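>>> below are the sequence and a predicted model; questions follow.
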Amino acid sequence: MAEFLTKETFKEKVFNFEKNKEWKFEGDIPCMIDFYADWCQPCKIVIPILEELAEEYKGKINIYRVDTEQEQELAGMFGIRSIPSLLFIPKDEQPQMAVGALPKDSFEKAIKEVLKVEKN
């Protein structure tokens, strides 16, 4: 199950932007963050795909969700202009953003190439 992040949990699990100026990932394993809104139709299409991926990659990646309506500061920090936007965060490299409701195989390709994680 994807975990919902607030500004506070984001700082603990992803990036403490109040403490660090340079990117410093706080997590133990790579993660994906889904920036979404409840009213967004394409966002609803992505949810079951992310839930499947969370199950299939359990223990290898974390999948988080950020409600752009509730967490406008986080959305603004990443320059979110359209949703869904997905941030792929590898363990030791810079994060990369993808925009739009991607098919499952596109997510799997990004998990392999950007996050450097193989399926179980």
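Nice, I can see it. Just so it is clear, the model here is predicted, and its values are computed rather than measured.

>>> in this structure, which spans are strands?
Secondary structure of the chain (DSSP state E): strands located at 3-4, 31-36, 62-67, 85-89, 96-99.

>>> what's the most buried one of those?
Among the strands of the chain, the stretch with the highest mean neighbour count (mean count of other CB atoms under 10 Å) is strand 31-36, at a mean of 24. Every C-beta, even on glycine, is put in place using the N, C-alpha and C of the backbone.

>>> where do the helices sit along the protein?
7-13, 41-56, 72-77, 104-113 (DSSP state H).

>>> residue closest to the middle of this protein?
Centroid-nearest residue in the chain: Ile33, 1.1 Å away (criterion: CA atoms, centre = their mean).

>>> residues touching it, list them.
Leu5, Val14, Ile63, Tyr64, Arg65, Val66, Leu86, Leu87, Ile89 (CB atoms under 8 Å, 6 or more residues apart in numbering).

>>> and Pro103, by the same measure?
Ile49.

>>> Asp67 reaches Phe10, doesn't it?
No. The pair Asp67 / Phe10 is not scored as a contact, 11.6 Å apart, by CB atoms under 8 Å.

>>> so where is the chain shaky, pLDDT-wise?
120 (pLDDT under 70).

>>> make it 80
1, 120 (pLDDT under 80).

>>> could the contacts of Ile33 be laid out in TSV, adding distance to Lys24?
Conversion of those to TSV gives the following (distance: CB to CB, whole Å):
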residue	distance to Lys24
Leu5	17
Val14	10
Ile63	21
Tyr64	17
Arg65	22
Val66	19
Leu86	21
Leu87	15
Ile89	11
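
>>> apart from its neighbours in sequence, what residue is nearest the residue of the chain positioned farthest from its centre?
Relative to the C-alpha centroid of the chain, counting by CA atoms, centre = their mean, Lys19 is the outermost residue, at 20.7 Å. Excluding its sequence neighbours, the residue lying closest to Lys19 (CB to CB, 6 or more residues apart in numbering) is Lys11, at 7.8 Å.

>>> return the residues in contact with Tyr64.
Ala2, Glu3, Phe4, Leu5, Phe10, Lys13, Val14, Cys31, Met32, Ile33, Asp34.

>>> quick check: it vs Ser82, distance?
Here the criterion is CB to CB, to the nearest Å. By it, Tyr64 lies 19 Å from Ser82.
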